[in-house]
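Visitor: Can you look at this prediction? I've put the sequence above it.
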Amino acid sequence: MTQPIVEVKNLKKSYKKRKTKEIITAVDQISFTVNKGEILGLLGPNGAGKTTTIKMICGLVRPDSGNITINGIDNQDKRLQAQEHISAVLEGNRNLYWRLTVRENLEYFAGNRGKSRKEVAGQIDELLKQFRLKDKENEMVNRLSRGMQQKLAIAVAMLAGSEVILLDEPTLGLDIETGYEVRELLREIVRTEDKTIIITSHDMDVIQDLCERTVIINSGKVVTNDRVENLMKLFEVRSYTVKLDGHLSEEQHELLLEKFPQLTYTPETYQSVLEVDLTQSQEIYDLFDILKLEQIPVDTIDRKTINFEQVFMKIVKGEKEYALSERV
């Protein structure tokens, strides 16, 4: 069995509003684990408690109750020791000094971890090469593109030598090409450097592409903890668009609506279009049996594909009953 490197157990955190003194529970008994060598997506809509959870994992906020262990070390009782095993890249590149050069940033943050410039010189050269920043090593960070700044922030986290890297919105604001480059770097880091990565992102394509498993938080609670492929299957709907060379009869239309209440029918001048969701694969035969009544030629039939953004929204909105206890 894979050994968890991060364990979050029954975390709870409440805040008191300044004006009304009302108690707001931001995180309510959240529990999950992160396994060694995996890329985990930690997701949630705004106000769900995700940011507070991240801050507690990073040791920036103390939970009211519950505990976090990182590589077996308690994050409260031995905070400094536990934090040696995790590095965070915060959204907006806030963990970089903009008036230092690329190399100076790497040297500075290595110094914060107690490493001398001479000690890390070779490692910095390797990171500059790996992240394609060698020709920018003497460039001031505030003159770099956002993509280069993001790559440098990840390189800084790598230089720390921690086993776990937490990335907050790693592709936010990046162009498509740089976004894909960052994804490839992250895959390479896990594959060759034996790292564990926790990603938060509003870009569901990134989560679907990179993560094997995702934890979704809403209203301060974990609502889903499962493999991405399982979630895709859970919400898979066989949605079809059928173009016909002709029009449905009134009888056909009534039969189709009776069988498929969610069906939409759009008659055009010479053609018509059906959009229908099939909950079971054999229903496709029922659809064609009704179409055969008038022998209407089928021009095209296309199956729609679901993406992880749709899955995420369905989970958050509670559109499908989800047996969390059976899947965690």
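Guide: Sure, I can see it.

Visitor: Low-confidence stretches in the stretch 1-150 of the chain?
Guide: Counting by pLDDT under 70, the stretch 1-150 of the chain contains low-confidence residues at 1-2, 91-94.

Visitor: What of the stretch 201-328 of the chain?
Guide: Checking the stretch 201-328 of the chain against pLDDT under 70 turns up 237, 319-328.

Visitor: would you list every one of the strands in the stretch 201-328 of the chain?
Guide: Assigned by DSSP state E, counting those that start in this stretch, the stretch 201-328 of the chain shows strands spanning 213-218, 221-227, 238-244, 264-267, 272-278, 298-303.

Visitor: Out of those, which is closest to residue 61?
Guide: Closest approach to residue 61 among these (Cβ to Cβ): strand 213-218, 15.0 Å. Where you see a C-beta, it was placed from the backbone N, CA and C, and this is true even at glycine.

Visitor: Give me the sheet partners of the closest one and which way each runs.
Guide: Strand 213-218 sits in its sheet next to strand 39-43 (parallel), strand 221-227 (antiparallel), going by DSSP bridges.

Visitor: Need these in JSON lines (columns: mean neighbour count and distance to residue 140).
Guide: Listed next are the strands paired with strand 213-218 as JSON lines, based on neighbours: other Cβ atoms under 10 Å; distance: least, Cβ to Cβ, whole Å:
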{"stretch": "strand 39-43", "mean neighbour count": "24", "distance to residue 140": "32"}
{"stretch": "strand 221-227", "mean neighbour count": "18", "distance to residue 140": "42"}
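
Visitor: Quick one: closest of the ones you listed to residue 280.
Guide: It is, among those and with distance given as Cβ to Cβ, strand 221-227, at 22.6 Å.

Visitor: Can you give the distance of the closest one from its chain's centre?
Guide: Averaging C-alpha positions (Cα atoms, centre = their mean, to the nearest Å) puts strand 221-227 12 Å from its chain's average.

Visitor: One more: stretch 253-269?
Guide: 37 Å.

Visitor: For that stretch, C-alpha coordinates in CSV please.
Guide: What follows is stretch 253-269 as a C-alpha-only set of coordinates in CSV (Å, rounded to 0.1, in the frame of the first residue of the first chain):
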residue,chain,number,x,y,z
HIS,A,253,-41.8,13.8,-31.6
GLU,A,254,-44.3,12.7,-28.9
LEU,A,255,-42.8,9.2,-28.7
LEU,A,256,-39.3,10.7,-28.3
LEU,A,257,-40.3,13.2,-25.6
GLU,A,258,-42.0,10.4,-23.7
LYS,A,259,-38.9,8.2,-23.9
PHE,A,260,-36.4,11.1,-23.5
PRO,A,261,-37.9,14.0,-21.6
GLN,A,262,-34.7,16.1,-21.9
LEU,A,263,-34.6,15.8,-25.7
THR,A,264,-34.4,19.0,-27.7
TYR,A,265,-35.7,19.1,-31.3
THR,A,266,-34.8,21.9,-33.7
PRO,A,267,-36.4,21.7,-37.2
GLU,A,268,-34.6,23.6,-39.9
THR,A,269,-35.5,24.3,-43.5
